[in-house]
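Chemist: kindly generate the corresponding structure for this input.
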Amino acid sequence: MDRGLNEAQLERTARIFNVQKYNVHDGPGIRTIIFFKGCPLRCKWCSNPEGLKYEHQVMLKRNACINCGACVPVCPKNIHYMENSEHKVRRDIKCINCKRCEKACLQNAIEVRGEDKKITELIEIVNEDKDFYRMSGGGLTVGGGECTAQAESLISLLESAHIEGINTAIETCGYTDIEKLKKIKEHVDLFLFDIKQMDPIKHKELTGVNNELILNNLKYLLENGSRVRIRMPILKGVNDSFEEIQEVVNFLEPYRFFKNFEGIDILPYHRYGVGKYDQLDMVYPMEGGFSLSEEDLDNIENWIRSENIDVNLVRH
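Modeler: From the prediction side, this is the model:
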């Protein structure tokens with residue numbers, strides 16, 4: 001497993017918050033997804049709020065907690081406390097990931113998210129399903145959070161996967177330093193690259209950052225031979241108008257017939273991650289009706305297809 005890796009790579013760790021096996025939505029074939037912690041964006045509809053911060057975080061399922069207080073005395077940082085007989089979590093103190101609170105909770109109401117795993121450990125997990133990758137044309141996908149935020153760990157993981165003969169893909173918002181991206185691209189077989197909004201002002205309102213760096217990085221990848229499939233999160237009344245879809249199509253027009261441009265995935269808005277916000281004492285910022293009807297989605301799919309661009313509606 002470690003052939004070709006130097007000592008630093010063997011000892012390098014990545015901070016992750018989930019591993020998902022047998023995925024068929026994020027890259028070709030059957031894939032294992034490793035979710036890296038930390039993200040420079042703050043998309044208002046994010047379904048993985050536990051992946052936004054790099055720090056370890058305590059998640060509390062209040063509907064399972066019986067307010068017994070067993071977690072309070074075991075926490076060395078005094079993160080857990082009781083107030084009026086109710087269990088609460090201090091969010092201004094950094095968790096050190098000792099997991100004593102998690103172990104003390106007999107109701108499984110506490111989960112500490114964020115594990116530091118050696119690259120070699122992660123490749124062992126990925127290798128467990130090598131036969132499935134071989135039969136289906138699948139492999140490893142790295143997501144997040146934003147995986148490029150841990151660039152060195154990402155490169156080591158992708159390089160290790162290639163050494164094992166495993167196909168690699170990454171899900172990325174594209175907001176990363178170009179020099180880091182150049183190093184990362186050497187070990188990526190497919191970029192699943194988000195376009196959330198073309199208008200820079202709206203993009204900043206929705207995600208917290210301008211999109212100039214993102215679009216420049218996308219151009220770089222397309223113009224330098226990297227295989228790219230665009231992913232478009234679509235929210236009703238936010239970025240689903242004909243004009244907004246056409247802006248994306250116009251941006252991609254010069255690359256329409258590039259062999260390395262593999263089309264567009266439409267990702268309809270969903271609310272699967274809403275419950276996790278409460279577990280982190282966060283407010284979900286997208287209250288309201290942002291789901292699209294089947295007719296809406298069919299229209300968007302047809303608009304894009306009419307421009308001779310391959311398009312796929314991803315249904316989770």
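Chemist: the nearest residue to residue 47 once chain neighbours are set aside and residue 78, how far apart?
Modeler: Nearest non-adjacent residue to residue 47, counting by CB to CB, 6 or more residues apart in numbering: residue 273, 3.2 Å away. C-beta coordinates here come from the backbone N, C-alpha and C atoms, glycine included. Residue 273 is 29 Å from residue 78, where distance means CB to CB, to the nearest Å.
Chemist: of those two, who's got more company?
Modeler: Remark: of residue 273 and residue 78, residue 273 carries more neighbours, 15 against 10, as counted by other CB atoms under 10 Å.
Chemist: so what pLDDT did the more buried one get?
Modeler: For residue 273, the pLDDT comes out at 91.
Chemist: what sits against it?
Modeler: By CB atoms under 8 Å, 6 or more residues apart in numbering, the residues touching residue 273 are 46-49.
Chemist: so of those residues, which ones are in strands?
Modeler: Taking DSSP state E, every one of the contacts of residue 273 sits outside strands.
Chemist: what's the most distant pair in these?
Modeler: 47 and 49 (7.9 Å; CB to CB).
Chemist: shared neighbours, the two?
Modeler: Common neighbours of residue 47 and residue 49 (criterion: CB under 8 Å, 6+ apart): 273, 276.
Chemist: compare the two and say which is more crowded by neighbours.
Modeler: Applying other CB under 10 Å to residue 47 and residue 49 shows that residue 49 carries more neighbours, namely 21 against 16.
Chemist: residue contacts, that one?
Modeler: Per CB under 8 Å, 6+ apart, neighbours of residue 49: 273, 276-277, 280, 282.
Chemist: show me those that map onto helices.
Modeler: Under the assignment DSSP state H, those contribute 276-277 to helices.
Chemist: got a markdown table for the contacts of residue 49, with distance to residue 102 too?
Modeler: Shown next, in a markdown table, are the contacts of residue 49 (distance: CB to CB, whole Å):
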| residue | distance to residue 102 |
| --- | --- |
| 273 | 21 |
| 276 | 16 |
| 277 | 20 |
| 280 | 15 |
| 282 | 20 |
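Chemist: out of the contacts of residue 49, flag the one nearest to residue 8.
Modeler: residue 280 (33.3 Å).
Chemist: can you tell me how far that closest one is from residue 104?
Modeler: 20 Å.
Chemist: do the same with residue 235
Modeler: Taking CB to CB, one finds residue 235 at 40 Å from residue 104.
Chemist: the more surrounded of the two?
Modeler: The neighbour count for residue 235 versus residue 104, taken as other CB under 10 Å, is higher for residue 235 (21 against 17).
Chemist: and the more buried one, how far from residue 314?
Modeler: Distance from residue 235 to residue 314, counting by CB to CB: 14 Å.
Chemist: same check, this time on residue 70
Modeler: 42 Å.
Chemist: now do residue 292
Modeler: Distance from residue 292 to residue 314, by CB to CB: 13 Å.
Chemist: when the two are compared, which one has more neighbours?
Modeler: Per other CB under 10 Å, whichever of residue 292 and residue 314 has more neighbours is residue 292, with 19 against 13.
Chemist: surely that one meets residue 240?
Modeler: Yes - counting by CB atoms under 8 Å, residue 292 does reach residue 240; the two are 6.3 Å apart.
Chemist: hey, what's in contact with both of those two?
Modeler: Contacts common to residue 292 and residue 240, judged by CB under 8 Å, 6+ apart, are 234, 300.
Chemist: what sits against residue 310?
Modeler: 262-264.
Chemist: I'd like the average pLDDT over stretch 136-153.
Modeler: Stretch 136-153 comes out at a mean pLDDT of 98.
Chemist: return the distance of that stretch from the chain's centre.
Modeler: 8 Å (CA atoms, centre = their mean, to the nearest Å).
Chemist: any idea how far apart the tips of it sit?
Modeler: 27 Å (CA to CA, to the nearest Å).
Chemist: list the buried residues for that stretch?
Modeler: Residues of stretch 136-153 classed as buried under the neighbour-count rule (16 or more other CB atoms under 10 Å) are 138-151, 153.
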